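>>> After the sequence you'll find the predicted model.
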Amino acid sequence: MKKLFIVFCLWILAFGSAAVAQNNSDKDHNFKVAKNLETFSAIYKYLDLMYVDTLNADEVVGNGINYMLHSLDPYTVYYPEDKVKDLDLMISGKYAGIGAVIRYNFAIKNTIIDQPYENMPASEAGLKKGDIILAIGDSSMVGKDVSYVSNRLRGDAGSRFVLTIKRPSTGKKMKFKITRRSIQLPAVPYYGLQDDGVGYLNLNSFTTDCSKDVRRAFLDMKKQGMKSLVLDLRNNGGGSLQEAINIVNMFVPKGITLVKTIGKIERANKEYKTTVEPIDTVMPIVVLVNDETASASEITSGSLQDLDRAVILGTRTYGKGLVQVSMDLPYNANLKLTTSKYYIPSGRCIQAINYKHSNGGYTEHVPDSLTHVFYTADGREVRDGGGIKPDIEVQPDSLPNIAFYLTSSGRDSSEVMLNWELKYLSTHPTIAPAKNFVISDADYADFKQAVLKSGFKYDRESKKYLEGLVKLARFEGYYDDAKPEFDALEKKLNHNIAKDLDYNKQTLKQLLTSDLVSAYYYQRGSMENSLQFDKQWKRAVELLKDPTAYKKILQPSVDIKK
């Protein structure tokens, strides 16, 4: 009894000491917070009162806020009143304007229409790819950059203005009366039933109510006879967590916990379960992902993988397992704040980067060796950290350097690719259906000659590496002995644009084809057309046509007792 009493007293003493230590720690933290806030306020008061120049309060304090947030993670962002619309666009996918992609043409040093959206004010008014934006109302847009022009094309829904453009194909100036309206960027830009009953559905963002669009598209294709589905989440950076839950719920039973969020405070901890009966629990599904598949896209693909409901195909996803909430601030500002991490059905968090907050902040990638093993519903092994690893890895074709320079705005000051496409559009009123169209070899030969005549130049990666190797050889004293070999290699790597255009013919034909199709059939046509060249899509179809191989992937390699 005496020993028990002594143990009890020691436990009380230890508990009391821990409580006192915790209490002291809280007091110390609160004191440091109050001290630093008071110091910051005092410093700014002295700056505002005595600094030699008058300060811009919004800029100075705003820079201070942004630097403070810079030491945290890239998703915790301050939006002053004049930037809150950017946050609203990110969440809702809506803005008021004309509905068109614009870009800067470096050859004429002016902003142009690049691609009008289908059924939007720009396309309905008759604007076309390449139209040069000269004026908005009475304000000249000559020589203005994309940001300047974009801000003035947007405005209140219902407001009207006159847009003055110059059409390159005719050289004529034209005026269009356009009424701005609310532009809803399509969450599902294209879906369609392909050969052998395989449905394709591209979801490019998790904006408000996108799950309804996915549901409608799925049911439409199922009505047409769809037997299997490819859900394309490549380049989808995420969005609404609830929309991801709704989409997964279409394919898995009611009452399953899909996501848990765990943070510092109790109210950040939540469970998200499927709440309605699914529309299909048996149809084979392949989800396409890549390194730009993030956040809500990873919740969707990761949940379907954890529940053994779909095969994931492509490359490893981005790895964003952090949850943000929007916090209202004084004077109509807003703070997008990271409050928790999310955990998908297997219990894993797929956050790829640890953000350290000491010493000004730094990042630390989670190595594969430090990840942990988790198991899917049927016992397949999966891991946390580093995003969602696909069940089948298929690398996409890489973009050759010459294609990067030809297609990237600002890389090619001659704009030869754009000019050739505009010429093609002016001489071809129509083209073949989007699904099958490809420019002919004769068309590509014409494009090749246009590039050669334009004086187009680009930096070859091989030249950069050779120059670096020469510098290193000189530094280490090997260059003189190896000079004949270096000279011979330099001759073999001599810049030959005609040879490069021939070697990369198929890739460049695909890029030209895609640009042209989008001008005739908009974004949906471009996506439909791209499937004929898409090796990840083709691999997904190949798998779905082989039920035995599909089922084998979803079976555990060994029996796991859970």
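Okay, I see it.
>>> Chain neighbours aside, what residue packs nearest to G62?
Distances taken as C-beta to C-beta, 6 or more residues apart in numbering place P80 nearest to G62, at 6.2 Å, with adjacent residues excluded. Bear in mind the C-beta positions are built from the backbone N, C-alpha and C, glycine included.
>>> From T54, how far out is the one you found?
Going from P80 to T54 by C-beta to C-beta, to the nearest Å gives 20 Å.
>>> ok, back up a step: need the pLDDT of the residue nearest to G62.
pLDDT for P80: 91.
>>> Surely it and D58 touch.
Yes. Under the criterion of C-beta atoms under 8 Å, P80 makes contact with D58 at 6.8 Å.
>>> of the two, who's got more company?
Counted by other C-beta atoms under 10 Å, P80 and D58 do not tie: P80 has more neighbours, with 16 against 11.
>>> give the contact list for that one.
58, 62, 333 (C-beta atoms under 8 Å, 6 or more residues apart in numbering).
>>> so the second one is in which element?
Right, G62. helix 57-70 (DSSP states H and E).
>>> ok, the helix or strand following that helix: who's next to it in the sheet?
Sequence-wise, the next helix or strand downstream of helix 57-70 (DSSP H and E) is strand 77-79. Strand 77-79 pairs in its sheet with strand 334-343 (antiparallel), by DSSP bridges.
>>> Now do the partner strand against helix 57-70, angle only.
10 degrees (axes from the mean of the first three to the mean of the last three C-alpha atoms, to 10 degrees).
>>> Strand 334-343: how far from the chain's middle?
From the chain centre to the centre of strand 334-343 is a distance of 18 Å (C-alpha atoms, centre = their mean, to the nearest Å).
>>> Also stretch 118-136?
26 Å.
>>> May I have the distance across it, first residue to last?
21 Å (C-alpha to C-alpha, to the nearest Å).
>>> list the buried ones in it?
Residues 118, 120-125, 127-136 are the ones in stretch 118-136 that count as buried (16 or more other C-beta atoms under 10 Å).
>>> what is the rounded mean pLDDT of it?
On average, stretch 118-136 scores 96.
>>> For L313, grab phi and psi.
Main-chain dihedrals, L313, degrees, to the nearest 10: phi -130, psi 140.
>>> next one: D156
Torsion angles, degrees, to the nearest 10, at D156: phi -70, psi 140.
>>> Please, which helix or strand holds the closest residue to it other than its chain neighbours?
Among residues not flanking D156 along the chain, A96 sits closest, at 6.0 Å (C-beta to C-beta, 6+ apart). Assigned by DSSP H and E, A96 belongs to strand 94-97.
>>> Then D220?
helix 210-223.
>>> Distance from the chain centre to the helix or strand that that helix is followed by, please.
Downstream of helix 210-223, the next assigned helix or strand under DSSP H and E is strand 228-232. Offset of strand 228-232 from its chain centre (C-alpha atoms, centre = their mean): 19 Å.
>>> Next: stretch 178-186.
Using C-alpha atoms, centre = their mean, the offset of stretch 178-186 from its chain centre is 22 Å.
>>> then it to PDB, C-alphas only?
C-alpha atoms of stretch 178-186 as PDB (Å, rounded to 0.1, in the frame of the first residue of the first chain):
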ATOM      1  CA  ILE A 178     -19.700  43.300 -77.000                       C
ATOM      2  CA  THR A 179     -21.700  42.900 -73.800                       C
ATOM      3  CA  ARG A 180     -19.700  41.400 -70.900                       C
ATOM      4  CA  ARG A 181     -21.200  38.500 -69.100                       C
ATOM      5  CA  SER A 182     -20.400  36.100 -66.300                       C
ATOM      6  CA  ILE A 183     -17.900  33.600 -67.800                       C
ATOM      7  CA  GLN A 184     -18.000  30.100 -66.300                       C
ATOM      8  CA  LEU A 185     -14.900  28.300 -67.300                       C
ATOM      9  CA  PRO A 186     -16.000  24.700 -68.200                       C
END
